[in-house]
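Output the structure for:
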Amino acid sequence: MNLAAVEIKAFVPAADFALSKEFYVALGFEIPWSSEDLAYVRHGETSFLLQAFNEPGFIKNFQMHLLVENVDDWHAQVLSSGVALRFGVKVGEPQDQPWAMRDFTLFDPSGVLWRVAQNIPRGEGA
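Numbers count the residues shown, from 1 in each chain. The predicted structure follows:
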(Lines give C-alpha, C1' and ligand atoms only; values in the text may rest on other atoms or scores of the structure.)
Protein backbone atom coordinates (compact mmCIF):
# COMPACT_ATOMS: atom_id res chain seq x y z
CA MET A 1 0.00 0.00 0.00
CA ASN A 2 1.37 3.42 -0.99
CA LEU A 3 -0.13 6.30 0.99
CA ALA A 4 2.47 8.91 0.01
CA ALA A 5 0.96 12.37 -0.33
CA VAL A 6 2.20 14.34 -3.30
CA GLU A 7 0.86 17.83 -2.69
CA ILE A 8 -1.73 19.84 -0.79
CA LYS A 9 -3.33 23.02 -2.10
CA ALA A 10 -5.68 25.55 -0.59
CA PHE A 11 -8.64 26.98 -2.49
CA VAL A 12 -8.22 30.73 -1.90
CA PRO A 13 -11.46 32.71 -2.24
CA ALA A 14 -11.72 35.75 -4.49
CA ALA A 15 -14.52 38.31 -4.31
CA ASP A 16 -13.40 39.81 -7.66
CA PHE A 17 -11.75 36.94 -9.51
CA ALA A 18 -10.18 39.03 -12.30
CA LEU A 19 -8.81 41.62 -9.88
CA SER A 20 -7.35 38.94 -7.62
CA LYS A 21 -5.60 37.30 -10.58
CA GLU A 22 -4.09 40.69 -11.51
CA PHE A 23 -2.93 41.16 -7.91
CA TYR A 24 -1.11 37.83 -7.72
CA VAL A 25 0.55 38.37 -11.10
CA ALA A 26 1.69 41.83 -9.93
CA LEU A 27 3.27 40.12 -6.89
CA GLY A 28 5.31 37.86 -9.17
CA PHE A 29 3.13 34.75 -9.22
CA GLU A 30 2.22 33.14 -12.51
CA ILE A 31 -1.09 31.67 -13.63
CA PRO A 32 -0.36 28.79 -16.00
CA TRP A 33 -4.03 27.77 -16.17
CA SER A 34 -7.34 29.48 -15.54
CA SER A 35 -11.00 28.83 -16.23
CA GLU A 36 -14.03 31.02 -15.66
CA ASP A 37 -13.99 30.43 -11.89
CA LEU A 38 -10.73 28.67 -10.96
CA ALA A 39 -7.05 29.47 -11.50
CA TYR A 40 -3.85 27.58 -10.78
CA VAL A 41 -1.48 30.13 -9.22
CA ARG A 42 2.17 29.38 -8.53
CA HIS A 43 5.49 30.89 -7.52
CA GLY A 44 8.41 28.53 -7.99
CA GLU A 45 7.50 25.21 -6.41
CA THR A 46 4.60 26.60 -4.35
CA SER A 47 1.05 26.91 -5.59
CA PHE A 48 -2.60 27.35 -4.69
CA LEU A 49 -5.96 27.43 -6.44
CA LEU A 50 -7.72 30.78 -6.67
CA GLN A 51 -11.48 30.42 -6.85
CA ALA A 52 -14.24 32.84 -7.74
CA PHE A 53 -15.97 32.46 -4.40
CA ASN A 54 -17.37 35.52 -2.69
CA GLU A 55 -18.49 34.57 0.80
CA PRO A 56 -17.47 37.54 3.00
CA GLY A 57 -17.50 35.60 6.28
CA PHE A 58 -15.24 32.95 4.81
CA ILE A 59 -12.88 35.44 3.15
CA LYS A 60 -12.58 37.50 6.36
CA ASN A 61 -11.40 34.42 8.26
CA PHE A 62 -9.20 32.89 5.55
CA GLN A 63 -5.42 32.97 6.03
CA MET A 64 -2.50 31.74 3.97
CA HIS A 65 1.11 31.23 5.05
CA LEU A 66 3.97 31.53 2.58
CA LEU A 67 7.35 30.33 3.85
CA VAL A 68 10.23 32.03 2.02
CA GLU A 69 14.01 32.05 2.30
CA ASN A 70 14.33 35.80 2.91
CA VAL A 71 11.31 37.66 4.25
CA ASP A 72 12.98 41.08 4.09
CA ASP A 73 13.65 40.62 0.36
CA TRP A 74 10.02 39.59 -0.14
CA HIS A 75 8.81 42.61 1.80
CA ALA A 76 10.97 44.92 -0.32
CA GLN A 77 9.63 43.29 -3.51
CA VAL A 78 6.02 43.63 -2.36
CA LEU A 79 6.56 47.33 -1.60
CA SER A 80 8.37 47.98 -4.89
CA SER A 81 5.63 46.18 -6.87
CA GLY A 82 3.21 48.96 -5.91
CA VAL A 83 0.40 46.54 -5.05
CA ALA A 84 -0.53 48.42 -1.87
CA LEU A 85 -1.46 51.55 -3.80
CA ARG A 86 -2.65 49.87 -7.00
CA PHE A 87 -4.98 47.40 -5.25
CA GLY A 88 -5.65 49.30 -2.01
CA VAL A 89 -4.24 46.54 0.21
CA LYS A 90 -2.43 46.64 3.53
CA VAL A 91 1.18 45.50 3.91
CA GLY A 92 2.61 45.10 7.41
CA GLU A 93 6.21 45.49 8.52
CA PRO A 94 8.47 42.45 9.06
CA GLN A 95 8.64 41.38 12.70
CA ASP A 96 10.36 38.60 14.62
CA GLN A 97 7.68 36.37 16.14
CA PRO A 98 7.89 34.22 19.30
CA TRP A 99 7.19 31.11 17.19
CA ALA A 100 10.70 31.40 15.63
CA MET A 101 9.66 33.12 12.44
CA ARG A 102 10.13 36.57 10.99
CA ASP A 103 7.06 37.58 9.03
CA PHE A 104 4.91 40.35 7.64
CA THR A 105 1.24 40.48 6.81
CA LEU A 106 -0.29 41.19 3.43
CA PHE A 107 -3.96 41.36 2.53
CA ASP A 108 -5.13 40.55 -0.97
CA PRO A 109 -7.88 42.63 -2.67
CA SER A 110 -10.61 40.34 -1.30
CA GLY A 111 -9.30 40.58 2.27
CA VAL A 112 -7.50 37.24 2.49
CA LEU A 113 -4.69 37.56 5.05
CA TRP A 114 -1.28 36.28 4.00
CA ARG A 115 1.62 35.83 6.43
CA VAL A 116 4.88 35.81 4.51
CA ALA A 117 7.56 34.34 6.76
CA GLN A 118 10.99 32.83 7.12
CA ASN A 119 12.30 30.60 9.88
CA ILE A 120 14.69 32.19 12.36
CA PRO A 121 16.72 30.59 15.15
CA ARG A 122 14.86 30.13 18.42
CA GLY A 123 16.03 32.27 21.31
CA GLU A 124 17.66 30.62 24.30
CA GLY A 125 15.18 28.92 26.57
CA ALA A 126 12.47 28.79 23.89
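
So what touches stretch 34-49?
Stretch 34-49 is contacted by residues 7, 9-12, 17, 21, 24, 27-33, 50-53, 64, 66 when judged by Cβ atoms under 8 Å, 6 or more residues apart in numbering. The way it works is simple: take the backbone N, C-alpha and C, and place the C-beta from them, glycine included.

which SSE is residue 104 in?
Applying DSSP states H and E as the criterion places residue 104 in strand 101-107.

That strand: what's the following helix or strand?
strand 113-119.

what's the spacing between that following strand and its chain's center?
With Cα atoms, centre = their mean, to the nearest Å as the basis, strand 113-119 stands 8 Å off its chain's centre.

Any buried residues in it, and which?
113-118 (16 or more other Cβ atoms under 10 Å).

Same question for stretch 102-110.
Those would be 102-110, for stretch 102-110 by 16+ other Cβ under 10 Å.

and if you look at stretch 3-16?
Neighbour counts over stretch 3-16 (16+ other Cβ under 10 Å) mark 12-15 as buried.

any chance of those residues in a markdown table, with distance to residue 87 too?
A markdown table is the format used below for the buried residues of stretch 3-16 (distance: Cβ to Cβ, whole Å):
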| residue | distance to residue 87 |
| --- | --- |
| 12 | 15 |
| 13 | 16 |
| 14 | 12 |
| 15 | 12 |
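
nearest to residue 93, of these?
Residue 93 has its nearest neighbour among the buried residues of stretch 3-16 in residue 12, at 23.4 Å by Cβ to Cβ.

tell me which element that closest one is part of?
Secondary structure (DSSP H and E) places residue 12 in strand 11-14.

Please name the strands paired to that strand in the sheet, noting orientation.
Here strand 11-14 is paired, per DSSP bridges, with strand 46-52 (parallel).

Check the average confidence over the strand it pairs with, would you?
The pLDDT scores in strand 46-52 average 97.
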